[in-house]
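# Return atomic coordinates for the entry below.
(chains A and B)
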Number of protein chains: 2
Amino acid sequence: MHTQMDYSKAKDWIVRESRFNSNTLGKCESIMALGNGYMGLRSSTEEKYLGETRGYYVAGTFNKFNEEEVTELPNAADIINMEITINEDRFTLDAGKIVEYYRELNIRNGQLHRHVVWVSPKGDKLVLDFYRIVSLKDLHVVAQKVIITPLNNEVEIGITSGIDGRMTNSGSQHFSDGDKRFYEKKYMQFIQVTNQTKIKFVHNSALQFTVNGRKKELNPHIIMDRRRIYCKYRESLSQNDTLVIEKISNVYTSRDKEYENLDVKEIQKISLNSLKEAMQKGYDRLKEESERHWEEKVWNRVPVIIDSEDEYDQLAIRFAQYHMEIMTPDHDNRMCIAAKGLTGEGYKGHTFWDMDIFNLPYFIYSFPEIARKLLEYRYLSLEGARKKARENGYKGAQFPWESAWLDDGEVTPEWGAADIVTGLPTKIWSGFIEQHITADVAYAVWQYYQITGDQDFMDRYGYELIFDTATFWASRLEYSDEDNLYHINDVMGPDEYKEHVDDNAFTNYMAYWNIDKAIEFYEFLKNKNKDLFELLNEKMNLDSRWEEWKSKKPLIYLPQPREKDRVIPQDKEYLNLKNIDLTKYKNQEQVGTLFLDYNLEQVNKIQVSKQADIMMLFFLLEDKFSHDVKRANWNYYEPRTLHDSSLSLSTHCVLACDMGDYDMAYELFKRASRIDLGPNMNSSNDGIHAASLGGIWQSTVYGFGGVRMVNGELRIEPHLPKSWKSLSFPIYWHGQRLQIEVKNDLLKVENQTNKEEVTFINYGIKYTFKENITVKL
Amino acid sequence: MHTQMDYSKAKDWIVRESRFNSNTLGKCESIMALGNGYMGLRSSTEEKYLGETRGYYVAGTFNKFNEEEVTELPNAADIINMEITINEDRFTLDAGKIVEYYRELNIRNGQLHRHVVWVSPKGDKLVLDFYRIVSLKDLHVVAQKVIITPLNNEVEIGITSGIDGRMTNSGSQHFSDGDKRFYEKKYMQFIQVTNQTKIKFVHNSALQFTVNGRKKELNPHIIMDRRRIYCKYRESLSQNDTLVIEKISNVYTSRDKEYENLDVKEIQKISLNSLKEAMQKGYDRLKEESERHWEEKVWNRVPVIIDSEDEYDQLAIRFAQYHMEIMTPDHDNRMCIAAKGLTGEGYKGHTFWDMDIFNLPYFIYSFPEIARKLLEYRYLSLEGARKKARENGYKGAQFPWESAWLDDGEVTPEWGAADIVTGLPTKIWSGFIEQHITADVAYAVWQYYQITGDQDFMDRYGYELIFDTATFWASRLEYSDEDNLYHINDVMGPDEYKEHVDDNAFTNYMAYWNIDKAIEFYEFLKNKNKDLFELLNEKMNLDSRWEEWKSKKPLIYLPQPREKDRVIPQDKEYLNLKNIDLTKYKNQEQVGTLFLDYNLEQVNKIQVSKQADIMMLFFLLEDKFSHDVKRANWNYYEPRTLHDSSLSLSTHCVLACDMGDYDMAYELFKRASRIDLGPNMNSSNDGIHAASLGGIWQSTVYGFGGVRMVNGELRIEPHLPKSWKSLSFPIYWHGQRLQIEVKNDLLKVENQTNKEEVTFINYGIKYTFKENITVKL
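As a prediction, this is how the structure comes out:
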């Protein structure tokens, strides 16, 4: 275990690295990443290191390198680079002597700060402070400030900085080399165009300088090279002089709604002017503006307050909120949340069920208008989903396991890491057989509707989504002459350590649920909204679909708890597989250690689960199973679950709360919160774990806060961990903002909107109130 | 000036670096590059550094990244990487302590050796020796050997090494990510395919280990990643144990003549088997085999021996020979010599007039059979040259300024570095107006024929080349009503600091010469070889061409020496341009310093030349100008020439010999030999200077050795620099191998073939001999 991370300043909203190690750069690049939903910027340092992975992604700008690769978010030109020399010694923490060092992400205002006191190989001692933000106010702007003071000698400082378009996605170059322009001996501009999707990126960047508080014009030496434009500056400083370097950059693309129909020359002009304005403001004002946005948009609106003995818990939930804010392209419903947000190449910027099931709930309860946009993305993707269904011989809409452009359909890559036994790459089956995603989308739509009551969304988008997904399932069912029932064979459930299984319980139940909901909504519309019904019936031929749903639903095989121990078989074979001693893998510090000993084919034959599967089913359809069935399955499956997926721990945390295993729940919460924030220096290399961050919020609000929507009703049954004195947070319920506080065995709920009566259930009792209410727990 | 390079072991054929500096890696990567004409491998270190430029090129595998870029040699997967850890400390010379260090290229056997005694940050002291060859025997093979001995502690060594397909050409990725295979827990295979030209590269690589002299099987942990396949090994060593790591790699491509029609699976099989055989042999035997080839093919055949007070002179000529050997794809006449050989991205692997005028003479006199292949490349490129002529509205064949694939035509990029005044990229005009290349090709053909007497070549290829180039010139001439003469307007001569000039003397004279030669050969064939004449006349319609040549030739404007000072105007305007004080630029250590003060538009208006232009004319057509005209022009132009092109110094060296300025000639030779081999640590970053290396041989053999073909006759008029006691070298003249020795004011010529009489001129006297002859100088 490394001890590089330091959470002593957790109560100040600070994620801190206290020691620099150039072998573990990926950690802070990802967890300290900056962004605003429009763009994400990995927090690589100004100076370069060998093991770094610089990353700069603009949401929705997907591109395919060639026909053999899948579409992904391209790594845009690097704009944060700054090579600093001190009397010709290159500033690098791998040489010279580090006297003081820390790096901090302030998640309250989104500012990254690095503080270094450094002695160069030649013996020059300096203090350097590096500040950086990605503006939450102006979505196009990245601002940097570097303050350098020589402490013992006169020094000549060299600064080389510009726009570097040589970045790739692990070697795949998505861009053409484009025009470079240098305006007014100050402003650098670089244009790059994605090679397949022809999205134009216009980058602008410029530097300005202050010496001892006075602005100073320095003359650059300009370098235009292949895929690069750079400025070189030199300045001499006396001892204790202070040089402030500001570098302001922006990026505009033809994927931006406002600019997609403009000629690139227009975008060049607009973006250059906007850079000039930002340079006028300077770093400090840009930072203040952005900070105010953080305060107004996020922290004042959704303050989740945990009074814990361990201040790290408070940091963890805020860290989750910080990242959910920067990962979410809420400016554009043609884009969605990716499995690694905008913080890395991992999962290629694609959207998974992680969004619908793990991230969306935070937004439904906290920012329903953003949640709606995320689901509009699913609606707009229907064409792609219908294409996928057609290609596979099904009807309706089969959502892709991985999703990018609206009309792409499936974009899951087909090949993964090497098989340790055969030496061949492993086939990735998710895109073919991990079919539960289609029900997950339907579930997300239903959940959104139940919690927000947004009838307009349902009328425009929601019903169609539920009907088309149900239609997929009806066509997907396989009739068996043996038992005269419908089965779903050859799938993968959430547990990806079991490929090609028949009758995965999660999948069958969710498919059943989906068809059931379609029937319910069909009947509801036919009776209550004839106009809309006629419209949809004409468009979708609902009557005949309804016939099929009705006739097939009762014949869907739903695996039942076996008699002897109430355990529901995860799939047809699972309970017959061999058991092995999993102790060493359960205790693992890294995920996936099982694969050092077994290949996937072997793992398929062992009673071991990557992640929650039956538990996930209990989590989503919690009113369909009795407590004793849940308990029996928990006891059976938890010891067999390695939590090798970041989606697993938080689900189990919530379930542990439901089981009443509060100590274990808190332990699972801790582990979930360590997936990114913890001491493992490699787990986040490819980007943060978006679903896990949603899971931290769910553990807090669903688990300990006890907030749940059950069959359309609000239930609040909190139970705090021993070390928590209080927990408070707001939720939105049918347009009402409810402030919930749990403290001293009291549950207080205040309706801050205060317009309508609200009803909730607490341990079997229904409470209805308008202004506020206190319930003794 | 750095003092990193060390030539104290020059007499042992050693190019040596005595200090390591990670800021100047490009120098040794280029000048110590390995290769065999099939492939070129930059000598980057096994461990990675930030400023490195790894490069691995297979001749002739050109690819265009996209339509906006020009075709170039793609940077193939890196196979020399090896990350070594010592008790978890990464071996890097940027950390820990270097106790001993040197890196040597042995140009006699082509072996690279790096010796390091290093103390890790943890305090472990080790001696490491790194050896590497690219086989001259088996053109596909790269072999490495690393010997590690811990000197003070027991250590655990970690080795991570494989095939890395993430390499790009400065950000442009030419390859698709391809299949990876791992065979028999040992052999790694990686396939990459160029994206436009669809050339398949099959890379194979494997490691084997010896501990204290005994083979040891280590089990790897295999990593297949995006564009990468790697093996990780671990081994514990006691103090003074010796671990030998051998890594053998090969590359086969579908561009190889032998494999172009095979299915890639076949190439995979063949290359894997051949790797297994190479692994059997092991590093030492592979190295011995290659060494023997160097001895037989190069050093025993063309020993150029200089007995100088400064042993560096001998090294310089051998260094030139070494690089001319490894840059030349003599295995395949569809490929040619590139301006940077196979040692870097510079000039994209393209062929320039550098080949015809600077490199070819070495091969004509030393390896006529290779010279023929190089000219066959020009012949096979005729289609592209005809295309270029057609596209520009001319007839015949207009050779491209830069050449790649045979049928590409022009491949010169259109845009270059930034203009310091406007901030815009500079337009590169060479591809449009640097038209003398077409006469240069014709000259090369004629020169080859005169020196070798290879009539078969002329019959098959040579005449057609001369006729078609002359036809281009005839169509290119512009008639002026003012003087009733033909002019050639809007061109660039060899001096690239004068764009868009009219009547460039070099161009006009060479065009005249080209037409004149065509007339001569037309008349010769018509009289002496009627069959061939008929054939060519039918194919090319020679009769009507001849009419045009005959009528136009006498009217071509040839700039004459002006009366007052015998100076020939380099072009119509040159002598009227303003003169500035060039002292500071003449004394420059870097080339191109003029551009720190002036942009190209301004340079166009100053009497300053990048390189020899009129001097080049005297060099090629030396019998056309009297000595006093040469002297007058030398006096005028030399002070105005900055030698900013690497083609310039050697030409001036030869001219200085002709002028009798022997001290200056020697100084120019020294400067020419320092272009790559000298102490400037950046000048070779993008690759060695192929033409300059040819120029070193020309300075030696043409300049001091005094060997020249003048109008078909051999002239030998040596004059050694003061510090040279003797000079000896062989040349081939009309199939006879002549061993020439200059020593003690005696010229000895021995006909080692001894079959035919040979005649040569020495200071006006003709000597004819059969066996050998000695002439007093």
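
# What is the least confident helix or strand in chain A?
Ranking every helix and strand in chain A by mean pLDDT, DSSP states H and E puts strand A:415-418 at the bottom, with a mean of 77.

# residues making contact with whichever helix or strand comes after it?
Toward the C-terminal end, the helix or strand that comes next after strand A:415-418 (DSSP states H and E) is strand A:425-427. Contacts with strand A:425-427, where a contact means CB atoms under 8 Å, 6 or more residues apart in numbering or on different chains, come from A:414-419, A:599-600, B:180, B:224. Just so you know, the C-beta spots here come from the backbone N, C-alpha and C atoms, and that holds for glycine as well.

# just stretch A:612-622 next, same as before
If you take CB under 8 Å, 6+ apart as the criterion, stretch A:612-622 is touched by A:357, A:443, A:493-495, A:498, A:504-506, A:509-510, A:513, A:568, A:570, A:625, A:630, A:633-634, A:637-638, A:641, A:647-648, A:651-652, A:654-655, A:658, A:708, A:710.

# next one: stretch A:383-390
Counting by CB under 8 Å, 6+ apart, A:395-400, A:403, A:405-410, A:438, A:468, A:472, A:475 sit against stretch A:383-390.

# Just give me the neighbour total for whichever residue of the stretch 451-600 of chain A sits closest to chain B.
Closest to chain B within the stretch 451-600 of chain A is residue A:596: 8.1 Å, counting by CB to the nearest CB. By other CB atoms under 10 Å in any protein chain shown, the residues close to residue A:596 number 11.

# Over to the one 5 residues further on?
Taking other CB under 10 Å as the criterion, the count of residues near residue A:601 is 12.

# quick one: the helix or strand hosting it to chain centroid distance?
Assigned by DSSP H and E, residue A:601 belongs to helix A:600-603. Its chain's C-alpha centre and that of helix A:600-603 lie 29 Å apart, by CA atoms, centre = their mean, to the nearest Å.

# could you say what helices and strands that helix packs with?
Taking 3 or more CB pairs under 8 Å, 6 or more residues apart in numbering or on different chains; DSSP states H and E as contact, there are no helices or strands that helix A:600-603 lies on.

# that older thread, which neighbouring elements make contact with the least confident helix or strand of chain A?
Looks like strand A:415-418 contacts strand A:425-427, strand B:221-225 (3+ CB pairs under 8 Å, 6+ apart).

# can those strands go into a markdown table with extra columns for distance to residue B:119?
Shown next, in a markdown table, are these (distance: least, CB to CB, whole Å):
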| stretch | distance to residue B:119 |
| --- | --- |
| strand A:425-427 | 41 |
| strand B:221-225 | 28 |
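
# Can you tell me which of those strands is most buried?
strand B:221-225 (a mean of 18; mean count of other CB atoms under 10 Å in any protein chain shown).

# Could you tell me which of the contacts of stretch A:383-390 count as buried?
A:395-400, A:403, A:405-406, A:408-410, A:438, A:468, A:472, A:475 (16 or more other CB atoms under 10 Å in any protein chain shown).

# What is the neighbour count of residue A:480?
Around residue A:480 there are 14 residues (other CB under 10 Å).

# same deal with residue A:658?
The burial count for residue A:658: 23, using other CB under 10 Å.

# where does it fall, phi/psi-wise?
Phi and psi for residue A:658, reported as degrees, to the nearest 10, are phi -60, psi -30.

# wouldn't it be in contact with residue A:630 here?
Yes. The criterion here is CB atoms under 8 Å, and residue A:658 meets it with residue A:630 at 6.8 Å.

# what does stretch A:654-662 contact?
A:612, A:615, A:618-619, A:622, A:630-631, A:634, A:664-665, A:668, A:698-699, A:702-704, A:706, A:719, A:721-722.

# The same query, at a cut-off of 6 Å, please.
A:615, A:634, A:664-665, A:668, A:702-703 (CB atoms under 6 Å, 6 or more residues apart in numbering or on different chains).

# between the residues you listed, which has the most around it?
Busiest of the contacts of stretch A:654-662 [other CB under 10 Å] is residue A:703, holding 31 neighbours.

# how deep is residue A:642 tucked in, by neighbour count?
If we define neighbours as other CB under 10 Å, then residue A:642 has 21 of them.

# surely it meets residue A:585?
Yes. Contact criterion CB atoms under 6 Å: residue A:642 and residue A:585 qualify, at 5.3 Å.

# which parts of chain A sit against chain B?
By CB under 6 Å from any CB of the partner chain, the residues of chain A that approach chain B are A:48, A:50, A:66, A:68, A:94, A:166, A:170-173, A:176, A:182, A:195, A:222, A:224, A:226-227, A:417-418, A:423, A:425.

# Please pick the buried ones from the contacts of stretch A:612-622.
Neighbour counting with 16+ other CB under 10 Å marks A:357, A:443, A:493-495, A:498, A:504-506, A:509-510, A:513, A:568, A:570, A:625, A:630, A:633-634, A:637-638, A:641, A:647-648, A:651-652, A:654-655, A:658, A:708 as buried within those.

# Inside strands: which ones of those?
residue A:708 (DSSP state E).

# can you give me the strands in the stretch 551-700 of chain A?
All residues of the stretch 551-700 of chain A lie outside strands when identified by DSSP state E, counting those that start in this stretch.

# Please enumerate the helices of it.
Along the stretch 551-700 of chain A, the stretches classed as helices by DSSP state H, counting those that start in this stretch are A:583-586, A:600-603, A:614-620, A:627-637, A:648-659, A:662-677, A:690-698.

# circling back to that earlier point, buried sites along the least confident helix or strand of chain A?
A:417-418.

# That one: partners in the sheet, and parallel or antiparallel?
If you go by DSSP bridges, strand A:415-418 pairs up with strand A:425-427 (antiparallel).

# State the distance from the closest residue to residue A:310 other than its chain neighbours to chain B.
Nearest residue to residue A:310, sequence neighbours excluded (CB to CB, 6 or more residues apart in numbering or on different chains): residue A:723, at 6.0 Å. Distance of residue A:723 to chain B, computed by CB to the nearest CB, to the nearest Å: 36 Å.

# Just confirm residue A:723 contacts residue A:309, I think it does.
Yes. Using CB under 6 Å, residue A:723 is in contact with residue A:309, at 4.0 Å.

# Measure how buried residue A:754 is and give me the count.
That count, for residue A:754 with other CB under 10 Å as the rule, works out to 12.

# so where do the helices sit in the stretch 401-550 of chain A?
Under DSSP H, counting those that start in this stretch, the stretch 401-550 of chain A gives helices at A:430-433, A:437-452, A:455-457, A:463-476, A:505-528, A:530-540, A:542-552.

# possible to save the ones you listed as JSON lines with mean pLDDT and distance to residue A:365?
Output for the helices of the stretch 401-550 of chain A, formatted as JSON lines (pLDDT from 0 to 100; distance: least, CB to CB, whole Å):
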{"stretch": "helix A:430-433", "mean pLDDT": "90", "distance to residue A:365": "28"}
{"stretch": "helix A:437-452", "mean pLDDT": "98", "distance to residue A:365": "7"}
{"stretch": "helix A:455-457", "mean pLDDT": "98", "distance to residue A:365": "16"}
{"stretch": "helix A:463-476", "mean pLDDT": "98", "distance to residue A:365": "20"}
{"stretch": "helix A:505-528", "mean pLDDT": "98", "distance to residue A:365": "21"}
{"stretch": "helix A:530-540", "mean pLDDT": "97", "distance to residue A:365": "27"}
{"stretch": "helix A:542-552", "mean pLDDT": "98", "distance to residue A:365": "30"}
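
# Deepest in the core, which of those helices is it.
Of all the helices of the stretch 401-550 of chain A, helix A:463-476 has the most neighbours on average by mean count of other CB under 10 Å, namely a mean of 26.
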